[in-house]
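Q: sequence first, then the predicted structure, then my questions.
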Amino acid sequence: MTPAAVHDALREKTRVKLWEPVLWLAPLAVVALFPGSSFLVNQMAIMALFAISLDLVLGYAGIMSLGHAAFFGMGAFAAGLFAKFVMPEPIVGLVFAMGVGGLTAYVCSYTILRGSALTVVMVTLGVSLILLEIGNYMTWLTGGADGLQGVVMDPVLGLFPFTFDGVTAAYYSLAVLAVFLVVYRRIVNSPFGTSLRVIRDNRLRAYSIGIDTNRRIKLAYTLAGAIAAAAGAVQTHSMNFASLDAFAFERSADVLLMVVIGGTAWIYGGVIGAIVFIGLHHVLSDLTPQYWTFWVGVFLVLLMRVGRDRLIRPWTWFKGGPHG
Amino acid sequence: MAEEPYALSASGLVMRFGGLLATNNVSLNLKKGARHALIGPNGAGKTTFVNLLTGVLRPSSGTIHLDGRDITTLPMHKRSARGLVRTFQINQLFETLTPLETLAAVVGERSGLGSKMWRLLGADRNITERCHALLEQFRLLDVMSRPTSQLPYGKRRQLEIAIALACEPRVLLLDEPVAGVPASERSDILAIINALPADMSILLIEHDMDLVFSFANRMTVLVNGALLMEADPLTVSNDPRVKEVYLGHGAGTDETAQSEVRYA
Amino acid sequence: AEKPFKVGLIVPMTGAFASTGRQLHSAVQAYMKDHGDTVAGRKIQVILKDDNGVAANSRKLAQELIVNDDVDVIAGFGLTPITLAVAPIATQSKTPMVLMAAQTQANTEASPYMVRSSGTITQVTSGIAQWAVENDIKTAVTLVPDYAPGYESEEAFKKYFLAAGGKILEEIRVPMRNPDFAPFLQRVRDVKPDALFVMLPSGPGAALLKQYGQRGLAAAGIRLIGHGAITDDDNLNQAGDAALGVITSDYYATSHDSEMNRKFIETYKSIDGTSRPNFFGVAGYDGMHLIYEALRKTDGKAEGMAFVDAMKNLSFESPRGPVTLDPESRDFIQNIYMRKVEKVGDEYQNVEFDVIERVNAAGETK
Amino acid sequence: MPDMLNIEGLHAGYADSIVLNDVSLSLDQGETLALLGRNGTGKTTLINTVVGVTRRHKGSIQLGGQPLEHLAPHVRARAGIGWVPQERNIFRSLTVHENLTAVARPGSWTPAKVYDTFPRLAERKGNMGAQLSGGEQQMLAIGRALVLNPRLLLLDEPTEGLAPILVEEVLRGIENVTKNEGLSVIIVEQHPQLILAISQRAVILDRGTVVHQGPAHELRHDQALLNRWLGVSV
Amino acid sequence: MLTILFDGVAYGMLLFILAIGLSVTLGLMNFINLAHGAFAMAGGYVTVLLMQHLNVPFLLCVPIAFVVTAVLGAILERTLYRPMYGKPPLDQVLFSIGLAFIAMTIVDYSIGSSEQIIQLPQWLRGRTELSFGGHVLGMGHYRLLIIAVCIVLTILLQFILTRTRFGSRLRAAVDDQRVADGLGINVNVIFFSTFAVGSGLAGVGGAMGAEVLGLDPTFPFKFMIYFLIVVALGGTSSLTGPLLAALILGVADVAGKYYMPKLGSFIVYAVMIMILLWRPDGLFVRRGAK
Ligand SMILES: Nc1ncnc2c1ncn2[C@@H]1O[C@H](COP(=O)(O)OP(=O)(O)OP(=O)(O)O)[C@@H](O)[C@H]1O
Ligand SMILES: Nc1ncnc2c1ncn2[C@@H]1O[C@H](COP(=O)(O)OP(=O)(O)OP(=O)(O)O)[C@@H](O)[C@H]1O
Ligand SMILES: CC(C)C[C@H](N)C(=O)O
Ligand SMILES: [Mg+2]
Ligand SMILES: [Mg+2]
């Protein structure tokens, strides 16, 4: 085998596959063809963005976070307040929110460097809940339990006003998601992205080959915080409203479910997880508004017991023994 | 005439685990290009000593110098960046990465690309060429695209050493590199070690005396955390104390007696 | 036939406030069972959506119902924050919004398209506040949850109480999720007021009652009074003896003595046999009545503001007693009853012993 | 008298690969069997199949006449099998002492006797398994198999990582337990000469089949055979 | 003052009883069972139903709750949980959250969503007050009972885990299931019984806790965070850790609410984060364990 073959083998993994751009564009077509789906698509896009952000720390860097809503919430409120008190331009607001989220995440990153997975889970969870309490306490700023009302956004790029049917919002969040997917794709395939996986797999060895593991983790966390904040900002922009639920444990838990459903350490895992989870929720809660949680539960149990791969290939269910 | 500083020099290292003195005032100097072996009974503190040198553990007292510069309090990754690299007695690998990715990550890291986010890992020809060379040298080309967790033990051991060499060490610490490697494959690893550049300083820990005596031109014996002696191989193998605590007298089966003769 | 008249019912059917949603949904079904599903030639179709008690969900659901399902009215809304979040949607899309649960006074101000079939916190609280003043309570501690309805209740109580020369020794605000009331009650006990005034969303109320008993607050001479939600008829039976003697004010009690109420309870129980209707239930029932009547009045035609206008000034006999929809505040002018928890037969009931007639949203008697 | 261990027509392997192909062998009480073969020929697989932690596809395994093949691993252990796994697999979060007591069964080998045999372990008694040096772990793995008080001891490369002097001691110890306590032993080793000296019988595996079976002392001096199957000149 | 301390201790001990089962499955078996709260809920509902419909005395309900949830745990272990042991932690999280969802809906469907209340016998509702030179110590009898049960359970469990071989066999089985099996440890039975006992303890916690914490179908998640805090702060090596953690949590929560009602749960989370930053592996780490 020649050096060139080695080179190709390494590049092969990171090449953009043919179906990927299709995947990025397909949702636009869905909204264009079925404008009624805009709310659903919008929500999926926002959560997909949030999910890939979590996957960067959870899947790639191996940091167990159960408080990722902290950054989503910071983004949601930063965007809302910025629009309300500074300027209602969405893109500037988005960038501002990302800055706030990234900064928050950077500060928080110092708390996640030590301890077992459970410790990290609890610290991240604790941080998000504390932010929630602070938000609740600062009612004068955040609106407290009533939420931040009266956010009105300018048209996107000065051209596309947010419409009541949610179509602009859906395009907007899809566009943001697409941009981030392209960026994200590049990042996880970069030396930096690889070093995160190295750290996740074996921190001692990563350290001993010369990686300043703490710094990399802080960087990844900051980045993820900024992306999560972008998701929060898009949510505020498309709803004209931010509520403290954005910080809630349930949101952190939901996004975790999405990432795991779709598969961790995989660019499209979060996207697929968001589509499946939100789609499922949507269908089930329409069918049985009272008991949809039951079926979600059944789905999760089945998914894990049958296995993600096998669930989508039912014909394998009855073949093969315990070793299969 | 100014003396050239030792490549690596440890003096008066002490390490306690609770009541146990795992390293008791140990000093050791490696010249540039040294071929030095560290032996001693099980639990004598050899691995602990390596852990102290590389920064996995902080010594209770004592100092460590690399090329004349004090690195006693330097974090592990900085020591490694300065060329002090080790292998582990128990493999420390990146299980979900392939050998190719692993080596590319290490080589990339050494080229200072580690925190680059906006270029692809495989974009750099220099990196892939270096990876190719390492894969070839360690006979990993055929498995380079399989996840590390699926490799047979022998290959895993070779990858362990390949990672260390990918770090471009100037001082290399090998902790039982052939542990668990079948006799028939030991010669491969031995050949690799013997072919390492002459100006690289190497400290070898091994219980396989064939390997030790064919490799080292200087030896240190640790017992109960303390330095028993440092000398050339012949002196060590003939020392009654070393026989007593480590090599044995061959009092058992005649077979072991025979092989002991070969050590000397 | 004309196209059906669609009502989007957005309530919490799951989560901590599920019982609110269940009450409303059952009562809406009860109303339709009693009055048929066709009005002025139009078939009434209710689309139920669960918002889990989360404002962002409700807002999305409302928008979806209006855009995709083309509903004519949105209704339900278990909590104040939810109502506030949805109000702009109603205004923007000119969709009438029938608020059936949340009680903060400011709610209806948030959109001209909103009418409310429950009551306001101030309206309800004014009753017990006046009673306290009249019954020789000089010092009090207030305990309310840390969100808008809590503040409003605290405010309303203080307004009457302070004006009459009473003294508030302490104002306690408890977090919305709180596992254990013991420390708060201990604090009250240490402060020793004549009475403890409490407003809590239904649910935790019962737990509070019990701990009140166990902490020996009653024995220490501290009376428990409050907003009717703390002796919620839905789970009053579970609280049992601990609730005996607690005095509250509210616009409805299951025990209300009228032919109409007996009929309501009967239909309600035929739909949900496990609970009895409470103040949410009756509001769901009356909310549907508002919709039916407005539709009847406009011969099935009205939309948007015209529909809201048709509801204004409607006056009718509800299971709770006579009500009139105040055109200004779009809230009911209704009776506020003083009740005391007693054991009637096997069941614990809020037994009405006094009534303040025709109270408006601001707590004033008209 | 039945053999201590009797393996007949054994096939075993992993999910998608069969590693052992029709292996048969037997062993008497008090005998030591040297199990040899190149890297990856199935020695560990054979040991593990007898222990029961690797899947058997076909064939029978009898211990002192009792069929084992359908028993769960822990039942086999109780029937008299002691195992030193190749990777040692010390229980990391147990102390040295707990590692011994957790599995100990009544008999002449007690933790105290293990400490007599390996004084080093006595010194590290309260240490966690994860904190032991490599060689100490090996000693503990051997001690842990002994306190099971087995009839048959399965040792998978027991001298790996031990200091030369300890290698001698361990081998002498194995001779002792077979002679004096009547244990049967199967031992896998990288250095054929070391164990052939203390074994009565020898088996060479290649690609999952037995390619040579016979008295140990004969094989020991049969350079050609050793060379052919083990690829080492000794 | 003293009363607050007393209440805090009682509250903490209640959390301990509730969390101890989780501490065993998570800490010792390395299995993340987020459906733990569902077992507690089951214990609570068993008690409520027995008392309401069959008039079973409260004190008898508690052991029954233990048995019922233990059997439930045992059945689920056999049928659903066992294959999940070796799976990655996140899969376990998803799986057990799914189970909790199912449990919540089943309770909601069959019993209803409203809050259930336990009617304590008269003698447990009382209160004893002592005073020491100006300080009054008021002790609710029910809380005294909680403390007593907690102490008995702790001693019993501590004995089992440290004085019997069961504890070390359990940890051995967790460390390396395959090798433990090969060395004569019946891993299945050990996991099975541990899981059943852990579930049973959750049931006891639920039965005792329904009175103080309230009981409705959202119970499994409402208190999950508290259980996790106890386990995370307590570390996994002994029972003393979780007990101490639960006491700190209980006292901090109660005192926080008493002195600073406005700050809500802030204090609890802040205390938790501070402790975890100070000791990332929990209050008590097994000596030298990494
Ligand atoms: N973290 C620790 N805590 C307590 N004791 C330890 C720790 N790490 C090592 N030890 C003890 O220190 C001593 C030295 O261990 P070390 O691993 O350095 O030995 P070694 O010379 O490498 O032995 P071997 O040849 O068996 O690998 C041993 O007795 C070991 O049990
Ligand atoms: N868990 C496993 N899954 C699949 N194949 C395996 C597994 N373990 C071992 N093998 C394969 O089975 C074959 C026999 O392996 P085994 O470990 O039994 O060899 P061995 O003779 O003990 O070798 P060594 O001398 O290296 O210890 C090898 O080809 C190996 O790759
Ligand atoms: C007391 C309750 C009726 C208050 C209601 N949940 C609201 O949000 O307004
Ligand atoms: Mg070592
Ligand atoms: Mg092997």
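A: Perfect, thanks for sending it. Numbers count the residues shown, from 1 in each chain, chains lettered A, B, ... in the order given. Ligands and ions are numbered 1, 2, ... in the order given.

Q: the lengthiest helix in chain D close to chain B?
A: Ordering each helix of chain D by length in residues (DSSP state H) puts helix D:164-181 first. Yes: using Cβ under 8 Å from any Cβ of the partner chain, helix D:164-181 reaches chain B at D:164, D:165, D:166, D:167, D:168, D:169, D:171, D:172. Heads up, the C-betas are built off the backbone N, CA and C, glycines and all.

Q: greatest separation within those: which pair is it?
A: Among those, the pair separated by the greatest distance (Cβ to Cβ) is D:164 and D:172, at 12.9 Å.

Q: between these two, tell me which one has more neighbours.
A: More crowded of residue D:164 and residue D:172, by other Cβ atoms under 10 Å in any protein chain shown: residue D:164, with 23 against 14.

Q: tell me the contacts of that one?
A: By Cβ atoms under 8 Å, 6 or more residues apart in numbering or on different chains, the contact list for residue D:164 reads B:207, B:209, B:246, B:247, B:248, B:260.

Q: what residues are up against the residue of the stretch 201-324 of chain A found nearest ligand 1?
A: Closest to ligand 1 within the stretch 201-324 of chain A is residue A:204: 13.1 Å, counting by Cβ to the nearest ligand atom. Residue A:204 makes contact with B:56, B:92 under the criterion Cβ under 8 Å, 6+ apart.

Q: so which helix or strand takes in it?
A: Taking DSSP states H and E as the criterion, residue A:204 maps to helix A:203-208.

Q: report the next helix or strand after that helix in sequence order.
A: helix A:213-239.

Q: name the SS class of residue A:65, please.
A: coil (DSSP: H, G, I helix; E, B strand; the rest coil).

Q: who touches the closest residue to it other than its chain neighbours in this structure?
A: Distances taken as Cβ to Cβ, 6 or more residues apart in numbering or on different chains place residue A:124 nearest to residue A:65, at 4.3 Å, with adjacent residues excluded. By Cβ under 8 Å, 6+ apart, the contact list for residue A:124 reads A:63, A:64, A:65, A:66, A:67, A:68, A:70, A:108, A:111, A:112, A:252.

Q: wait, the first one touches residue A:111, no?
A: Right, residue A:63. No: the pair residue A:63 / residue A:111 is not scored as a contact, 10.9 Å apart, by Cβ atoms under 8 Å.

Q: give me the more crowded residue out of the two.
A: The residue with more neighbours, out of residue A:63 and residue A:111, is residue A:63; 24 against 19, by other Cβ under 10 Å.

Q: how near is that one to residue C:348?
A: 52 Å (Cβ to Cβ, to the nearest Å).

Q: cool, residue B:210 as well?
A: Between residue B:210 and residue C:348 the distance is 89 Å, computed by Cβ to Cβ.

Q: how about residue E:128?
A: 28 Å.

Q: residue D:10 now?
A: As judged by Cβ to Cβ, residue D:10 and residue C:348 stand 74 Å apart.

Q: same check on residue B:159?
A: Taking Cβ to Cβ, one finds residue B:159 at 73 Å from residue C:348.

Q: ok, now residue E:149?
A: 30 Å.

Q: who has more neighbours out of those two?
A: residue C:348 (23 against 18).

Q: what helices or strands is the one helix or strand residue D:137 maps to leaning on?
A: Following DSSP H and E, one finds residue D:137 within helix D:134-146. Under the contact criterion of 3 or more Cβ pairs under 8 Å, 6 or more residues apart in numbering or on different chains; DSSP states H and E, helix D:134-146 touches strand D:81-84, helix D:96-103, helix D:111-117, helix D:119-123, strand D:152-156, helix D:164-181.
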